[in-house]
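>>> The amino acid sequence is not available; the structure is as follows:
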């Protein structure tokens, strides 16, 4: 990471349901958990257009994930940002779509393709298509929309629609089958977004944060505080546990406050091991970030947990995010569980 003379303040997003929504310390206008709704011949796959047009090969984003997790909302957001969006394109035709974009003389510079289980008979071709694109040096990213089983069941029941894979079984059977089908793709994803507690507007805000900028940064990080008693964040790439530090909850004068409070943060970082952890974990992240860049990974979610997600994890997340920003990493801070107690 390269240090910048100008050090921007990390952006802070609060988790849906806590006081603040996506704007710090302001009342959220949308309700968490609101359904995020989802709205089908061998040819040449040479993506090099005629003439000096290698630079004209379009940027490609593949949107996939669980049915009901918000693929269509994510695709619509990219469409609003000027991307050329194709829904339910058979994976075997993705290289052809890129070729056509390359021949458009720059008129189609960014393509987003939605791949889902509606085209499951073509889904086995996705791995081959991705390998083909990689061999032709096409820049591509995979965005995977994730959600909990409970949230997905509620969404399907609210619209009285069957899951695409449930057949004669239950909705949960279809969800389980889809998770297994998409397991490998989820592991290859560049960006995983958990929409379990997001409404449509909050999902759009997350997509805007990742794709609205004109210049793509080298690496984007989300530092998320959370409480272990509420469960691990399913979209975390890295997880650290702050329960080795004394809990400010047991200090009566600190209990009502959060890790954003200066006195709470001072208490946390005066404990043995707190500053040492911050220094060494930041050093470890430098090593990991360098590897992510070499591998072309642009997004990382770092989850910092404590018991309730109110004191220790919040204070540590704020300090860690400041370190990342100081080293040139565009960083968003999310306090998932702050305010839930």
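Perfect, thanks for sending it. Predicted, not measured: the structure shown is a model, and the values here were computed from it.
>>> From here on, just use CA atoms for contacts and neighbour counts.
OK.
>>> my guess is residue 222 is in a strand, correct?
Yes: judged by DSSP: H, G, I helix; E, B strand; the rest coil, residue 222 forms part of a strand.
>>> Show the contacting residues for it.
299, 300, 301, 302, 331, 332, 333, 334 (CA atoms under 8 Å, 6 or more residues apart in numbering).
>>> most neighbours, which of those residues?
Highest neighbour count within the contacts of residue 222: residue 331, with 26 neighbours (other CA atoms under 10 Å).
>>> Just give the closest residue to that residue, not the sequence neighbours.
Take residue 331 and drop its neighbours on the chain: the residue closest to it by CA to CA, 6 or more residues apart in numbering is residue 221, 4.7 Å away.
>>> Point out where this structure drops to low pLDDT.
Residue ranges of the chain with pLDDT under 70: 1-55, 118-124, 213-217, 296.
>>> At which residues are the strands of the stretch 1-150 of the chain located?
Under the criterion DSSP state E, counting those that start in this stretch, the stretch 1-150 of the chain contains strands at 11-14, 59-65, 84-87, 110-114, 140-146.
>>> my read: the residue nearest to residue 331 touches residue 328, true?
No: assessed by CA atoms under 8 Å, residue 221 is found out of contact with residue 328, at 10.6 Å.
>>> got a list of contacts for the helix or strand containing residue 187?
Using DSSP states H and E, residue 187 maps to helix 171-188. With contact meaning CA under 8 Å, 6+ apart, helix 171-188 is reached by 65-67, 117, 142, 144, 149, 152-153, 156, 162-167, 192.
>>> ok, what's across the strand from residue 227?
For residue 227, the beta-bridge partners are residue 306 (DSSP bridges).
>>> Spatially, which residue comes closest to residue 237, not counting chain neighbours?
Counting by CA to CA, 6+ apart, residue 237 lies nearest to residue 301, which is 5.3 Å off, once chain neighbours are set aside.
>>> Tally up the residues packed near residue 273, please.
Counted with other CA under 10 Å, residues neighbouring residue 273 total 13.
>>> Provide the backbone phi and psi angles at it.
The phi and psi values for residue 273, taken as degrees, to the nearest 10, are phi 100, psi -20.
>>> Nearest residue to it in space, ignoring adjacent ones along the chain?
Among residues not flanking residue 273 along the chain, residue 245 sits closest, at 7.7 Å (CA to CA, 6+ apart).
>>> surely that neighbour meets residue 271?
Yes: the pair residue 245 and residue 271 passes the contact test of CA under 8 Å, sitting 6.8 Å apart.
>>> quick one: which of those two has more around it?
The neighbour comparison of residue 245 against residue 271 (other CA under 10 Å) goes to residue 245, with 17 against 12.
>>> what's the neighbour count on the residue nearest to residue 133 when sequence neighbours are not counted?
The shortest distance from residue 133 to any non-neighbouring residue, by CA to CA, 6+ apart, is to residue 95 (6.5 Å). Neighbourhood size, residue 95 [other CA under 10 Å]: 22.
>>> From residue 233, how far out is residue 95?
Using CA to CA, to the nearest Å, residue 95 is found at 34 Å from residue 233.
>>> Equivalent analysis for residue 241, please.
Residue 241 is 13 Å from residue 233, by CA to CA.
>>> ok, those two, which is more surrounded?
A direct count of neighbours by other CA under 10 Å for residue 241 and residue 233 places residue 233 higher, at 21 against 16.
>>> Go ahead and confirm that one touches residue 303.
Yes: if you go by CA under 8 Å, residue 233 and residue 303 touch, sitting 7.3 Å apart.
>>> what sits in contact with each of those two?
The contact sets of residue 233 and residue 303 overlap at residue 226 (CA under 8 Å, 6+ apart).
>>> Phi first, then psi, for residue 301.
Backbone dihedrals for residue 301, given as degrees, to the nearest 10, come out at phi -110, psi 120.
>>> Spit out the contact partners of it.
For residue 301, the contact set (CA under 8 Å, 6+ apart) comprises 221, 222, 223, 224, 235, 236, 237, 238.
>>> The first one: how many residues sit nearby?
Neighbouring residues of residue 221 were enumerated by other CA under 10 Å; the total is 20.
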